[in-house]
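> Build me a model from this:
(chains A, B and C)
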Amino acid sequence: MKEIMIPTIEKINIEGFQRDLVSWFQQEQRELPWRKNKDPYRVWVSEIMLQQTRVDTVIPYFNRFMEWFPTLEDFADADEEKILKAWEGLGYYSRVRNLQSAVQEVRASYNGIVPENPEEISKLKGVGPYTAGAILSIAYGKPEPAVDGNVMRVLSRILMIYEDIAKPKTRKTFEAAVRKLIDHDHTSSFNQALMELGALICTPGKPACLLCPVQSHCLAFESGVQSELPVKIQKKKSRDVPIVAAILTNANGEFLIHKRQSAGLLANLWEYPNFENHAPLQPKREFYKDRFQEIYGVTPEITEPLVRIEHVFSHLVWKVDAYIGEIKEMIDENILRENQLKWVSEAEMAEFAFPVSHQKMMKAYKEKIE
DNA sequence: TAACCGTGGCC
DNA sequence: TGGCCAAGGTT
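You can find the predicted model right below:
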């Protein structure tokens, strides 16, 4: 175990920094639903939702989640369809499956009490270094670092750290810095203050240094280099994936939906039948009909084009060509089951979680048939 | 380590 | 308009 050196930390007036940062937070913090109390379950849910997701996006999801699952036990007992529906549109869907798995583990192994030490809490699915530190410091007052993108940006400027924050090992440098800087009497406020400052003042583009409560402690401001920090290498471009999809109906006015596989992209979500179109120059309708038969065991009549949708993911882009089609013949129950297919009415469909691109397909369909 | 894993807002 | 960004974790 090699000790991490941060030479510039010697230049910081630590007590003054703590005082200015914490008092600013205690006066200026936003009122947010997960700040109403320190219930570890609520803190936990909020931290998972907030991973890579903006506060304004999370707020309505969090409030609805607490209505649906007020306690840890309620969530532990919920069925998978319901928890995915609670997450529909938030993205990174493994978060909610890991959260339920972890909550069930807490109930089974810890008598329903979220563990308050780093070793145990870090074993829970979906709880990494950041989330562990956030729960421990916010809910339990433990002096643990909670290093997210905000904290790395803020402290890279305060301490003039030029390490590339896109590299995983860099997080350890900032954890070491937080361990030196953290106010042991106000762990919750201190950690949240670093993030709040990053969100409101010490922003990526043009930081509002003139409004900053810790400007007098900031080495980057002192040197006028705050806009050069943090150092972050750019990620490479994502690739395009051409997709053909179809909203398929039967004589009863029902829609054919398909459950995605239990691992990987959009795992366990429902979707309209589709496939990767590796032969985009093929003549359309008969070719598509054959592909649907090969993949799903159903033979639709593709009647007309519906809409083109671009679905941007972190690392790839779906270029979706959506069509409308009909299935005239009766499909055997075994075929439906084996291929994870289901006929549902419009009302029933509302119980299932869909990716955003497929929600857009249905929206376009409804507008078209009006 | 680097790739995978969503989505919406912003400039 | 396209790249960047947002309270990351897993493999």
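> what's the host helix or strand of A:Arg19 packed up against?
Using DSSP states H and E, A:Arg19 sits within helix A:14-28. Here helix A:14-28 touches helix A:170-181, helix A:187-200, going by 3 or more Cβ pairs under 8 Å, 6 or more residues apart in numbering; DSSP states H and E. In short, each C-beta sits where N, CA and C put it, glycine included.
> Out of those helices, which one sits most buried?
Comparing the helices and strands packed on helix A:14-28 by mean neighbour count (mean count of other Cβ atoms under 10 Å), helix A:187-200 comes out on top with a mean of 22.
> about what we covered before: now the helices and strands packed on helix A:14-28 as JSON lines including distance to A:Lys368?
Output for these, formatted as JSON lines (distance: least, Cβ to Cβ, whole Å):
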{"stretch": "helix A:170-181", "distance to A:Lys368": "48"}
{"stretch": "helix A:187-200", "distance to A:Lys368": "41"}
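> Out of these, which is closest to DNA strand B?
DNA strand B lies closest to helix A:170-181 among the helices and strands packed on helix A:14-28, at 8.2 Å (Cβ to the nearest atom of the strand).
> ok, and does the closest one reach over to DNA strand B?
No: applying Cβ under 7 Å from any atom of the strand, one finds helix A:170-181 out of contact with DNA strand B, separated by at least 8.2 Å.
> what about that helix, average pLDDT?
For helix A:170-181, mean pLDDT is 97.
> So is that helix next to DNA strand C?
No: Helix A:170-181 does not reach DNA strand C (Cβ under 7 Å from any atom of the strand); its nearest approach is 8.0 Å.
> list the helices and strands that helix packs on?
helix A:14-28, helix A:129-140, helix A:149-158, helix A:187-200.
> And the residue of the stretch 1-150 of chain A closest to DNA strand B?
A:Gly91 (2.6 Å).
> count of neighbours near the residue lying closest to that residue once chain neighbours are set aside?
Spatially, and ignoring its direct neighbours in sequence, A:Gly91 is nearest to A:Thr53 (7.1 Å; Cβ to Cβ, 6 or more residues apart in numbering). The number of residues packed near A:Thr53 is 15, by other Cβ atoms under 10 Å.
> same question, A:Gly264
A:Gly264 has 8 nearby residues by other Cβ under 10 Å.
> and the stretch 201-350 of chain A, which residues reach DNA strand C?
Residues of the stretch 201-350 of chain A lying near DNA strand C (Cβ under 7 Å from any atom of the strand): A:203-204, A:232, A:234-235, A:237, A:312, A:314.
> Please tell me which one of the residues you listed counts the most neighbours.
If you count neighbours using other Cβ under 10 Å, the busiest of those is A:Lys232, which has 16 neighbours.
> What about the residue of the stretch 51-200 of chain A found nearest DNA strand C, how many residues nearby?
The minimum distance from the stretch 51-200 of chain A to DNA strand C, using Cβ to the nearest atom of the strand, falls at A:Gly128 (2.5 Å). Counted with other Cβ under 10 Å, the neighbours of A:Gly128 add up to 11.
> Over to A:Glu120?
Neighbourhood size, A:Glu120 [other Cβ under 10 Å]: 16.
> now it, nearest residue through space, not along the chain?
Closest to A:Glu120 by Cβ to Cβ, 6+ apart is A:Tyr110, at 7.3 Å.
> now do A:Asn150
A:Gly198 (2.8 Å).
> Now do the same contact list for the one you found.
A:149-151, A:153-154 (Cβ atoms under 8 Å, 6 or more residues apart in numbering).
> Check A:Ala193 too.
A:21-22, A:24-25, A:29.
> do the same with A:Gly141
Counted by Cβ under 8 Å, 6+ apart, A:Gly141 has contacts A:187-188.
> quick one: stretch A:76-86 to chain centroid distance?
17 Å (Cα atoms, centre = their mean, to the nearest Å).
> got it, and stretch A:355-366?
Worked out by Cα atoms, centre = their mean, stretch A:355-366 lies 21 Å from the chain centre.
> close to DNA strand C, is that stretch?
No: interface with DNA strand C: stretch A:355-366 contributes nothing (Cβ under 7 Å from any atom of the strand), its closest point being 12.8 Å away.
> does any part of that stretch sit near DNA strand B?
Yes: remark: stretch A:355-366 sits within contact range of DNA strand B at A:355-357, by Cβ under 7 Å from any atom of the strand.
> Below-threshold pLDDT in chain A: ranges please.
Applying pLDDT under 70 to chain A picks out residues A:1-2, A:280, A:282-283.
> ok, which stretches of it are strands?
Along chain A, counting by DSSP state E, strands occupy A:239-249, A:255-259, A:270-271, A:274-276, A:301-312, A:316-326, A:341-344.
> Just want the angle from the second one to strand A:316-326.
On the basis of axes from the mean of the first three to the mean of the last three Cα atoms, to 10 degrees, strand A:255-259 is oriented at 150 degrees to strand A:316-326.
> Could you report the distance from the residue of chain A most remote from its centre to DNA strand C?
Ranked by distance from the centre of chain A (Cα atoms, centre = their mean), the top residue is A:Glu329, with 40.7 Å. In this view, A:Glu329 and DNA strand C are 41 Å apart by Cβ to the nearest atom of the strand, to the nearest Å.
> Cool, thanks, talk later.
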